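Enquirer: structural data only, the sequence is not supplied:
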């Protein structure tokens, strides 16, 4: 907490000349492990609850799809932010931009934004539904990138499935 106070007061300038602002802010706002786990659990629970609420609201006439999209997208964002508590925001952003995850990250964030655009600005139901489906696939693919060899196993499974369907 003293580091954070010193940083916010501007007193911590002595040895920061060779570090950028993000590194200094990350070091100044470090959380204890218990606080990180609590933040992770809270954000993950909020994300899961919002996603479930979104699915439950899907069947409300006229406005159900809009409520679903808002809750589901917000749930995905909360789930994504929850992992920042465990790794720290800088490490999470570095891992998201890693060469093995960069494409999945770009697709996932693009789908999150396009889902909201299709629902609120363009108001095209079919396009919104397509982006929600792509959002689910992109989020799953992104999540699989953290499990060693999981993507390879999924690709192998679907290639075997497709080869059996063709025969």
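Expert: Ah, there it is. The structure presented is a predicted model; accordingly, all values stated were derived computationally and were not measured. Numbers count the residues shown, from 1 in each chain.
Enquirer: check the gap between the spatially most central residue of the chain and residue 109 for me.
Expert: The centroid of the chain falls nearest to residue 80 when counting by C-alpha atoms, centre = their mean (2.7 Å). Look at residue 80 and residue 109: by C-beta to C-beta, to the nearest Å, they are 9 Å apart. (Each C-beta comes from the backbone N, C-alpha and C, glycine too.)
Enquirer: residue ranges in the protein under the pLDDT threshold?
Expert: 1-18, 21-29, 167 (pLDDT under 70).
Enquirer: hey, where'd the helices end up in it?
Expert: With DSSP state H as the criterion, the chain has helices at 2-9, 21-28, 33-57, 64-87, 89-96, 102-117, 125-144, 150-166.
Enquirer: residue 43 - nearest residue in space that isn't next to it in sequence?
Expert: residue 82 (3.4 Å; C-beta to C-beta, 6 or more residues apart in numbering).
Enquirer: actually residue 102, sorry about that
Expert: residue 96 (7.7 Å).
Enquirer: that neighbour is in contact with residue 106, isn't it?
Expert: No - proximity of residue 96 to residue 106 does not meet the contact threshold set by C-beta atoms under 8 Å, at 9.3 Å.
Enquirer: and those two? Which one has more around it.
Expert: residue 96 (19 against 14; other C-beta atoms under 10 Å).
Enquirer: from residue 65, how far off is that one?
Expert: From residue 96 across to residue 65, the span is 29 Å (C-beta to C-beta).
Enquirer: over to residue 137?
Expert: For residue 137, the distance to residue 65 - C-beta to C-beta - is 19 Å.
Enquirer: also residue 160?
Expert: From residue 160 over to residue 65 the distance is 35 Å, taken as C-beta to C-beta.
Enquirer: okay, those two: which has more neighbours?
Expert: Neighbour totals were compared for residue 160 and residue 65, and residue 65 leads with 18 against 10 (other C-beta under 10 Å).
Enquirer: quick one: the more buried one and residue 123 touch, right?
Expert: No - the criterion here is C-beta under 8 Å, and residue 65 misses it with residue 123 at 10.4 Å.
Enquirer: overlap in contacts of these two?
Expert: Contact criterion C-beta atoms under 8 Å, 6 or more residues apart in numbering; no residue bridges residue 65 and residue 123 by contacting each.
Enquirer: ok, back up a step: and the residue nearest to the centre of the chain, what does it touch?
Expert: With contact taken as C-beta under 8 Å, 6+ apart, residue 80 is in contact with 47, 108, 139.
Enquirer: for the spatially closest residue to residue 48 that is not a sequence neighbour, give me its contacts.
Expert: Once flanking residues are discounted, residue 48 sits nearest to residue 75: 6.7 Å by C-beta to C-beta, 6+ apart. With contact set as C-beta under 8 Å, 6+ apart, residue 75 has these partners: 46, 47, 48, 49, 50, 51, 52, 53, 54.
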